[in-house]
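*Asks:* predicted model and sequence follow; I will ask about them next.
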Amino acid sequence: MPGREPITVKVARWCATHPWHAVVGWVVFLVLCVGAGAAAGTNKGKFEDFWVGEAGRAEAMAQYGGLTPAPLEDVLITSREGVLDAKTAKTARAAARDVEGRMEKLPAVVSVADPVASKDGSSLLVTVTLRGDKETAKTDVDALLAQTDAVRDAHPGLTIRQTGSASISNGVNDKQGTDLQRTEMISLPITFIILFVVFGTVLAAGIPLLLSISAIAGAIGLYGLASWVFPDAGGAVISVVFMLGMAVGVDYSLFYLKRAREERERSGGTISHVAAVELAAATSGRAVVESGLAVVLALSGLYVVDDVIFSSIATGAILATLVAVAASLTVLPALLAKLGPRMDGRKARRGGGAGRAGTAGTAGAVTGRRRADGSRMWTAALRPVMRRPLVTLIVGVAATAALALPALGMVMGTEGKETFPDSVPSVAAYDSLTRAYPSRGVAHLVLVETDRAHAGEAREELRQLAARTQGDPLFAQDGEPRPEVSKDGRTALLRLPVPYTQNSAEAKRSLDRVRDVLVPATVGRVDGARTAVSGEIAGGVDYAAHQEGRLPWVIVLVSLTTLVIMYVAFRSVVLALLGVALNVAAVAVSWGTLALVFQGTWAEGLLGFDSTGFVGSRNPLMIFAILVGLSTDYQIFVVSRIRERVRRGVPTREAVVEGIAGSASVVTSAAVIMVSVFLSFLFIDRIEMKQIAVGLTVAVLFDAIVLRALILPSAMALLGDRVWWPVRPERLREQTGDAAPGAAPAGTGAPSEAVPGGH
């Protein structure tokens, strides 16, 4: 409807004219978010929330039958030389008795097993059984670690270490928390420096950073409340919230603040700060809303995975994005209006700041007399692109294909104890434990459930299954597997240890042998028996298969959503299809880079990791959702500038150059900030986080350099006016009346694209 004022302008005007109300309201909002989150606490996901596939069915059978393995902690005792001779063996036995005596006194300990010597005589092992489950063990294990430390101090001639699922989990989480703090200490000052270079004043550089931090704080508070709907999976959620909150929070503030300063600078400081804010709200403000919506909808695709980890990550990331959008549309206009000249650039300050009391209508008139700005460097760089668009497009597509090609050979796996950093003491102890005691490593858990009449037969078949593994190199041979039976006798469990790491080819072959050969030939023959195989290996394989099965659905859903968003924003089917194609290209390059870097060993020294030979099964989906949102974000901002020129009467080819050149500095700055945030996550000593950091960094750089500077302009140049189909360029120029408040009529040169959708 002609003349309709965008809601972003109404909100910005109120906040700009009532700055203290807006600022105080924002502070109150943050306090309520943090307070409500603290009061509600965080609802942790239950074990059954993580069950997937056959492994999940086996876990359910074990839980129903009361056969879920109790949490264990192992204390490994060795000499400093690695061999227990007659003298040190005596000392080691004394240390083992000391461990036993101390542990038995702890209320969390159910039992302590007798010390077991390794076959090579190099170690003694004391196994401690804890009460409760895996979650309660994480709380109780600190008391055990303290006693292990005391025994170590009492026997300085020995190496005494503790390991187990609980101690490893706590150690890895503590290490990641410390690394995240270091990441914050790196990314925050770097982001500030980049913003200072962009804006030239401490105040203008500090506000986007401050708003991003406030958005992260608000999102974390709201996440506590949301966890009662979407349970928290722990792990990397807070890291993702920080990563995305910093990226979009700074970006949205940057786009908005940069546009407001441009309006002031073009007028030589003659329009008021309130008027500049309104013009920024009508242009960048609307783009922020649409970009935020694109990010939110892209992240919403993760809910389709039907996985508690992805649901919690999506929830945290969506909240961070929404709070960042709210900050950019409310408190940022208030600060821009209140701080006034201290936020201006050099051009506006040289203009004397006259006309601070000017009206929005004056702003439109002044804007109408301006010439279109643009970066001379980018204009010169785009000249050969526009002169040879077909050649440029072919080169860009070829570069995309070359980097994306390795994605065809991408292998996915899941994190296991062997992928955690050995800088965590309990992880290093686990490596030593499994070398000395192979049966203490990963294992297959074979579950069988029958009626009472066939329970005896099922147990006998389990014993036969165990016998068939003897002498088979795919299974550990330092123990004799024996079935465990539930109290009602209907469910039985057999643990089959494997002397290989969880993601190794040998471990997966052993799983195939159990599932496809041994189970069908034994317990699978029992009438009416229900069988399933679980364990770390089976769980990882089933989880990766689950992700691969859901991936196509997420891609289709998010791509269709992006198509709709782009069409609503620009009313162009061609631009919508082009936007989806560019998104897919960015994701393909990211996936290809992950396969190229992390499935080999050539980059280990450069990035500080030990190759696992696979990409984390969660990472492709997570990177896809984040990248589609961010890529659409760039697309909307850049195409909005191009459309702005077209609506002023500039031919499409010229508008492409002016629009990209005019937005180049802010888009490049945003990309550099994103890259600095993503790269800081390389300092987290966890390969999954390194993969996310590299995948996002390469994609953002490729997006800004190749997709936006080569492929997008060359494609739009080749398409010409057809890029706006089904809307004709002349029709776009007729829609200038619904642009900015007080905007000049069509043809005067005013930036009347204000509302990209033109409705």
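*Replies:* Structure's in. What do you need?
*Asks:* lowest average confidence, helix or strand, in this structure?
*Replies:* helix 360-368 (a mean of 36; mean pLDDT, DSSP states H and E).
*Asks:* could I get the buried residue list for the helix or strand harbouring residue 640?
*Replies:* Using DSSP states H and E, residue 640 sits in helix 619-647. For helix 619-647, burial by neighbour count (16 or more other CB atoms under 10 Å) applies to 619-647. Every residue, glycine included, has its C-beta placed from N, CA and C.
*Asks:* check stretch 216-235 too.
*Replies:* So, applying 16+ other CB under 10 Å, buried residues of stretch 216-235: 216-227, 230-233, 235.
*Asks:* put the alpha carbons of it into CSV.
*Replies:* Only the C-alpha atoms of stretch 216-235 are listed here, as CSV (Å, rounded to 0.1, in the frame of the first residue of the first chain):
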residue,chain,number,x,y,z
ILE,A,216,24.4,-13.4,24.3
ALA,A,217,23.6,-12.8,28.0
GLY,A,218,19.9,-12.4,27.2
ALA,A,219,19.8,-15.5,25.0
ILE,A,220,21.5,-17.7,27.6
GLY,A,221,18.9,-16.5,30.2
LEU,A,222,16.1,-17.3,27.9
TYR,A,223,17.7,-20.6,27.0
GLY,A,224,17.2,-21.8,30.5
LEU,A,225,13.5,-21.2,30.2
ALA,A,226,13.3,-22.8,26.7
SER,A,227,15.1,-25.9,28.0
TRP,A,228,11.9,-26.9,29.7
VAL,A,229,10.4,-27.3,26.2
PHE,A,230,13.5,-28.3,24.3
PRO,A,231,15.8,-30.1,26.8
ASP,A,232,19.4,-29.1,27.1
ALA,A,233,21.9,-31.5,25.6
GLY,A,234,24.9,-29.7,27.1
GLY,A,235,28.2,-29.9,25.2
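*Asks:* mind listing the helices for the stretch 101-250 of the chain?
*Replies:* Ranges of helices in the stretch 101-250 of the chain, per DSSP state H, counting those that start in this stretch, are 134-154, 165-199, 202-226, 237-266.
*Asks:* what's the answer for the stretch 251-400 of the chain, then?
*Replies:* 273-280, 286-300, 308-329, 331-339, 346-350, 360-368, 376-387, 389-404.
*Asks:* wait, which of these is closest to residue 497?
*Replies:* helix 308-329 (27.1 Å; CB to CB).
*Asks:* okay, angle between that closest one and helix 273-280 too, please.
*Replies:* Using axes from the mean of the first three to the mean of the last three CA atoms, to 10 degrees, the direction of helix 308-329 lies 140 degrees away from that of helix 273-280.
*Asks:* quick one: helix 308-329 to helix 286-300, angle?
*Replies:* Using the same axes, to 10 degrees: helix 308-329 against helix 286-300 is 170 degrees.
*Asks:* quick check: buried residues in helix 308-329?
*Replies:* Those would be 308-329, for helix 308-329 by 16+ other CB under 10 Å.
*Asks:* next one: that helix to chain centre, how far?
*Replies:* How far helix 308-329 lies from its chain's middle: 11 Å, per CA atoms, centre = their mean, to the nearest Å.
*Asks:* so which elements touch it?
*Replies:* helix 7-17, helix 202-226, helix 237-266, helix 286-300, helix 619-647 (3 or more CB pairs under 8 Å, 6 or more residues apart in numbering; DSSP states H and E).
*Asks:* how about a markdown table for the helices of the stretch 101-250 of the chain, with distance to residue 712 and mean pLDDT added?
*Replies:* A markdown table is the format used below for the helices of the stretch 101-250 of the chain (distance: least, CB to CB, whole Å; pLDDT from 0 to 100):
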| stretch | distance to residue 712 | mean pLDDT |
| --- | --- | --- |
| helix 134-154 | 49 | 93 |
| helix 165-199 | 23 | 86 |
| helix 202-226 | 26 | 90 |
| helix 237-266 | 18 | 83 |
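*Asks:* pick the most buried one from those.
*Replies:* Ranked by mean neighbour count under mean count of other CB atoms under 10 Å, these are led by helix 237-266, which reaches a mean of 26.
*Asks:* got the angle between that one and helix 331-339?
*Replies:* Using the same axes, to 10 degrees: helix 237-266 against helix 331-339 is 40 degrees.
*Asks:* give me the angle between helix 237-266 and helix 619-647.
*Replies:* Using the same axes, to 10 degrees: helix 237-266 against helix 619-647 is 10 degrees.
*Asks:* would you mark the buried spots in stretch 97-111?
*Replies:* 98-100, 102-103, 106, 108-109.
*Asks:* try stretch 70-88
*Replies:* 71-79, 84, 88.
*Asks:* redo those as a markdown table? Include secondary structure and distance to residue 546.
*Replies:* Converted to a markdown table, those look like this (DSSP: H, G, I helix; E, B strand; the rest coil; distance: CB to CB, whole Å):
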| residue | secondary structure | distance to residue 546 |
| --- | --- | --- |
| 71 | coil | 25 |
| 72 | strand | 27 |
| 73 | strand | 30 |
| 74 | strand | 31 |
| 75 | strand | 36 |
| 76 | strand | 34 |
| 77 | strand | 40 |
| 78 | strand | 40 |
| 79 | strand | 45 |
| 84 | coil | 45 |
| 88 | helix | 48 |
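*Asks:* using a markdown table, please lay out those together with distance to residue 120.
*Replies:* Output for those, formatted as a markdown table (distance: CB to CB, whole Å):
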| residue | distance to residue 120 |
| --- | --- |
| 71 | 28 |
| 72 | 22 |
| 73 | 23 |
| 74 | 17 |
| 75 | 18 |
| 76 | 13 |
| 77 | 14 |
| 78 | 11 |
| 79 | 12 |
| 84 | 9 |
| 88 | 14 |
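*Asks:* closest to residue 302 among these?
*Replies:* Looking across those and measuring by CB to CB, the closest to residue 302 is residue 71, at 30.2 Å.
*Asks:* which residue ranges form the strands in the stretch 351-500 of the chain?
*Replies:* With strands called from DSSP state E, counting those that start in this stretch, the stretch 351-500 of the chain shows them at 412-413, 443-449, 484-485, 491-497.
*Asks:* packing partners of the first one?
*Replies:* Under the contact definition 3+ CB pairs under 8 Å, 6+ apart, strand 412-413 sits against helix 536-570, strand 615-616.
*Asks:* packing partners of the first one?
*Replies:* Using 3+ CB pairs under 8 Å, 6+ apart as the contact criterion, the neighbours of helix 536-570 among helices and strands are helix 53-64, helix 286-300, strand 412-413, strand 443-449, helix 505-513, helix 573-598, helix 619-647.
*Asks:* so which of these gets nearest residue 399?
*Replies:* helix 573-598 (8.7 Å).
*Asks:* which residues sit against the helix or strand following that closest one?
*Replies:* As assigned by DSSP H and E, the chain's next helix or strand after helix 573-598 is helix 604-607. Helix 604-607 is touched from outside by 597, 610-611, 682, 690, 694, with contacts defined as CB atoms under 8 Å, 6 or more residues apart in numbering.
*Asks:* stretch 391-409: which residues count as buried?
*Replies:* 392-393, 395-397, 399-400, 403-404, 406-407.
*Asks:* can you check stretch 557-571 too?
*Replies:* Result for stretch 557-571 [16+ other CB under 10 Å]: buried residues 557-559, 561-563, 565-567, 569-571.
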